[in-house]
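> Give me a model of this one.
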Amino acid sequence: AAGKIHLIPQDFFAELCEQIIQHLNHKIPGVNTAELCQRIQMSGVEINIRDLAKIANVLSFLFSTAARNNLSTEEVVTALGSAGSTLPKHAVQVIRHVWNEQGKATAVSEDARNVATVGQFVDMKWKLGVAMSSDTCRSLKYPYVTVTLTVADPSGQVTDKSFEMTVPQFKNFFRQFKEMASVLETV
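Residues are numbered from 1 along each chain as shown. Purely as a prediction, here's the structure:
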């Protein structure tokens, strides 16, 4: 991943670092690497989503380890240098600046370290559709519901998961949400 960091312009790299710090501080649910990758590509830089996700994971590990060990800015920079890092100079400068400005607030509590690594719900979109016909059936007129869940995995990567349901499946899905809501009201 370090070999690909030199491809990322400094302003985008700073934005990535800041989003990771915000994620670690529970201010945002995750880092939308797909959206950031698209913007980087639109600026003329050739990088793929997998490489950007790897870079985000490395930076997340760096910042969370620094927070867990309560490292100062100089200790973070020294650790980067002593690890035989091949990071470009601009990347080290950005890491130094972001950690100096926002890293102090990144406190990884004992409770946060012991929480199971599960994803976090970000958003949900749905639409109702009707399948009119197929190659085997001329007249389907079959209604369905498409649901897209946006989820941030434990490392902060935001992904969309889509699925379709028949109307009876959707009614069951809805009934279960109503049950959850009623249970939550008793808490």
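> ok, and the helix or strand in the protein with the lowest average confidence?
Confidence across the helices and strands of the chain bottoms out at helix 110-114, with a mean of 44, counting by mean pLDDT, DSSP states H and E.
> sec struct for the residue nearest to residue 134 when sequence neighbours are not counted, please.
Of all residues beyond its chain neighbours, the one nearest residue 134 is residue 140 (6.2 Å), with distances taken as C-beta to C-beta, 6 or more residues apart in numbering. Just so you know, the C-beta spots here come from the backbone N, C-alpha and C atoms, and that holds for glycine as well. Three-state secondary structure (criterion: DSSP: H, G, I helix; E, B strand; the rest coil) places residue 140 in coil.
> pretty sure residue 122 is touching residue 23, no?
No: applying C-beta atoms under 8 Å, one finds residue 122 not in contact with residue 23, separated by 11.4 Å.
> returning to that earlier point: what's the first helix or strand after the least confident helix or strand of the chain?
The helix or strand immediately downstream of helix 110-114 is strand 120-131, counting by DSSP states H and E.
> For that following strand, buried residues please.
Within strand 120-131, the residues that count as buried by 16 or more other C-beta atoms under 10 Å are 120, 122.
> packing partners for that strand?
Contacting strand 120-131 under the criterion 3 or more C-beta pairs under 8 Å, 6 or more residues apart in numbering; DSSP states H and E are the following elements: strand 142-152.
> Quick one: residues in contact with the strand it packs on.
Identification of contacts with strand 142-152 by C-beta atoms under 8 Å, 6 or more residues apart in numbering yields 23, 29-31, 119-131, 158-167, 169-170, 173.
> Much appreciated, bye for now.
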